[in-house]
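Q: Mind looking at a prediction? Sequence and model below.
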Amino acid sequence: MFHAACGLLLLATLLAGQVHAQVVLSPTNYDLNIEVEFDEEILRGTAGITLENAATEPVHEASLLLYRLLRVQAVHDKQGHDLDFRQSVVAFEDFGQLQVNQIVIPFAEPLSPGAAVTLQLQYGGYLLGYSETGMLYIQDRIAPEFTILREDSYAYPQPGYPSRLVNRGAAEWNFSYLARITVPKEYTVANGGRLVACDTLGEKRVFQFASLKPSWRMDFAIAHYTRMTSGIIHVYYLPGDKEGAAGVAAAAQRSFDLYTSWFGPLRGTAGLTFIEIPDGWGSQADVSTIIQSAAAFQDPERHHEVYHEISHLWNVSPTDRPSPRWNEGLATFLENLVDQEISGRPEVDARTTQLIDWLVQQLPDHPRWSKVPMVDYGREGLTDLSYSVGAVFFDLLYRLAGRDTFNAIVGRYYANYQKTGGSTEDFATLAIEVADAKYVSKLFHDWVFTTSWADRIVKIAGIEELVKYYREDGSREGTSRKRSELKWQPQEILSRQGTGHRPAATRKR
């Protein structure tokens, strides 16, 4: 009995240690100071980070991640006292190609739930991208041709553990920032925050930015940029792309106006900044900044990429962890719809038909697609499928519910959940209540909470035939049912699949 009790105590202690090790602290504020040296191809910086314990148990240490060739020289507390830390280059336990420098900082006293701590890290070194991991767009490096400092390459320290599963399961965050980026004086730093100051110090220029509103990321692009402003749209463009920048600004404004008329105004909009980046470096969007590939600047036929990123401004922070990212399906459908509205060409039918045909062709070679529902794409690592399956789903929802009802669904979801975040269940419940039609609940059943869609698209050819199927099937079963009478219950399905409701979030992963 004695040995059994000791064994249980040891097991409990180990499990408790695992719980603490998996609490990812949430950043609420950054005070960043970085200088880039093109001659040496290095960066030097200090990062003051305020971290909050959003968990329900005390935390005994902070774990931060940096690019694998960036080393920390010192860590201080808010008063400037030296703190103990350890750092080591480690591979992600569930993504072996990805290596990071993990910095672990023990706390003298456990950080209580809801409490915050401010740490300052002095660091520096090299940045050489992550293309070897298969993430080909992360070509980030310190180079005079083009440099970008962003979270994708861990160019600044961010909370986390070398585990995709742990990081994706963490409470999502948003933070404010004040950043000073020092570059050779002939360069410009582009950022979506408010330019507080730009001071020339000898051969250097210091750009100081303050965030417009809390976000999940911050991006600093360095090149020979020129800045253009049109209304609330600001555009940083690369040499030779002035005409393209004007086209992007106009496309952004047109799509912004359309989305506003459809879904209602954004909350707290203070401006939107586009930053041109070379092709192949990946596009991203947050609450005030869109980094956009050069192709969208140079070819008006690629403006649909602008429409895609603008639509993300009306997204709600996902509380499903990990997020299934069906918002990418919504953005894909909306970029097609806006492209059709602006160009006058029948883009939606053609692109949805292409997606359906592609899915039908690919299904035999991807048996998991027929087993994992969209609500589980995050947990099962299938979020790339959200772009295609999600786009077809939202096209069907648009056709079945009608334009006005569809806009009311998206607009009300944003209005109701933009502050708190929302789940897949929240969206489904709201959509069914607003649409008040049985075929909409069946659509969610088939395309979001089960994989019945896979059988449907094989047996029923084309988008119009699919619409006819759902409308006729819904009419046979009655057009309006209360949530309690639905054949599927979102909460039951989510519980069974293990995707619980987590605190609100703003970071995309």
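A: Cool, got the structure. Just so it is clear, the structure is predicted and the values come from calculations on it, not from any experiment. Numbering: from 1, shown residues only.

Q: pLDDT weak spots in the stretch 201-350 of the chain?
A: 269-270 (pLDDT under 70).

Q: what ranges do the helices span in it?
A: Assigned by DSSP state H, counting those that start in this stretch, the stretch 201-350 of the chain shows helices spanning 242-263, 294-298, 304-311, 327-343, 347-362.

Q: Those: which one's closest to Ala221?
A: helix 294-298 (11.9 Å; CB to CB). No exception for glycine: its C-beta is placed from N, CA and C like everyone else's.

Q: what sits up against that closest one?
A: For helix 294-298, contacts defined as CB atoms under 8 Å, 6 or more residues apart in numbering pick out 237-238, 241, 244-245, 247-248, 276-279, 283, 302-303, 305-306.

Q: one more time with 6 Å
A: Residues outside helix 294-298 that contact it (CB atoms under 6 Å, 6 or more residues apart in numbering) are Asp241, Gly244, Val248, Glu276, Pro278, Asp279, Arg302, Glu305, Val306.

Q: Over to stretch 381-388?
A: Arg325, Trp326, Glu328, Gly329, Thr332, Leu355, Val372, Tyr377.

Q: Give the rounded mean pLDDT of it.
A: What stretch 381-388 shows for mean pLDDT is 93.

Q: what comes up buried for it?
A: Gly381, Leu382, Thr383, Leu385, Ser386, Tyr387, Ser388 (16 or more other CB atoms under 10 Å).

Q: so how many other residues sit close to Arg267?
A: The local packing of Arg267 (other CB atoms under 10 Å) involves 11 other residues.

Q: Can you get me a residue count around the residue nearest to it when sequence neighbours are not counted?
A: Closest residue to Arg267 apart from its sequence neighbours, by CB to CB, 6 or more residues apart in numbering: Gln418 at 5.8 Å. A count of nearby residues for Gln418, using other CB under 10 Å, gives 17.

Q: roughly how far apart are Gln418 and Val467?
A: 30 Å (CB to CB, to the nearest Å).

Q: now the closest residue in space to Met228 that isn't next to it in sequence: how far from Arg302?
A: Distances taken as CB to CB, 6+ apart put Val235 closest to Met228, at 4.6 Å, once the chain neighbours are dropped. Distance from Val235 to Arg302, counting by CB to CB: 15 Å.

Q: what about stretch 191-208, start to end distance?
A: End-to-end span of stretch 191-208 (CA to CA, to the nearest Å): 10 Å.

Q: list the buried ones in that stretch?
A: Residues Asn191, Gly192, Gly193, Arg205, Val206, Phe207, Gln208 are the ones in stretch 191-208 that count as buried (16+ other CB under 10 Å).

Q: Can you tell me what sits against it?
A: 180-183, 185, 189, 209-212, 220, 273, 288-289.

Q: List only buried entries from these.
A: Arg180, Ile181, Thr182, Val183, Val189, Phe209, Ser211, Leu212, Phe220, Thr273, Ser288, Thr289.

Q: quick one: which of those is nearest to Ala143?
A: Nearest to Ala143 among the buried ones among the contacts of stretch 191-208, counting by CB to CB, is Val183 at 12.2 Å.

Q: what lines up beside the host helix or strand of that closest one in the sheet?
A: Val183 belongs to strand 176-184 when assigned by DSSP states H and E. Partners of strand 176-184 in the sheet, by DSSP bridges, are strand 26-37 (parallel), strand 204-210 (antiparallel).

Q: Give me the residues contacting the longest one.
A: By that I understand strand 26-37. 43-52, 54, 142, 171, 173, 175-183.

Q: Could you export it as PDB, CA atoms only?
A: What follows is strand 26-37 as a C-alpha-only set of coordinates in PDB (Å, rounded to 0.1, in the frame of the first residue of the first chain):
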ATOM      1  CA  SER A  26      -0.800  35.300 -23.500                       C
ATOM      2  CA  PRO A  27       1.100  38.400 -24.500                       C
ATOM      3  CA  THR A  28      -0.900  41.600 -23.900                       C
ATOM      4  CA  ASN A  29       1.800  44.200 -24.800                       C
ATOM      5  CA  TYR A  30       5.100  44.400 -26.700                       C
ATOM      6  CA  ASP A  31       7.800  47.100 -26.400                       C
ATOM      7  CA  LEU A  32      10.100  46.200 -29.300                       C
ATOM      8  CA  ASN A  33      13.400  47.800 -30.300                       C
ATOM      9  CA  ILE A  34      15.200  46.200 -33.200                       C
ATOM     10  CA  GLU A  35      18.100  47.300 -35.400                       C
ATOM     11  CA  VAL A  36      19.000  45.500 -38.600                       C
ATOM     12  CA  GLU A  37      22.600  45.400 -40.000                       C
END
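
Q: And the pLDDT for Pro503?
A: 25.

Q: Pro318 and Leu195, how far apart?
A: 31 Å.

Q: low-confidence ranges in the stretch 351-500 of the chain?
A: 474-500.

Q: Apply 50 and report the result again.
A: Scanning the stretch 351-500 of the chain for pLDDT under 50 picks out 476-500.

Q: Please apply the same query to the stretch 1-150 of the chain.
A: Looking at the stretch 1-150 of the chain by pLDDT under 50, you get 1-21.

Q: Tell me the one of the buried ones among the contacts of stretch 191-208 nearest Ala408?
A: Ser288 (26.3 Å).

Q: Quick check, that closest one in contact with Leu212.
A: Yes - under the contact definition of CB atoms under 6 Å, Ser288 touches Leu212, with a separation of 4.6 Å.

Q: what element comes up after the helix or strand that contains Ser441 heading to the C-terminus?
A: Element membership for Ser441, per DSSP H and E: helix 438-444. The helix or strand immediately downstream of helix 438-444 is helix 452-459, counting by DSSP H and E.

Q: No further questions, thank you.
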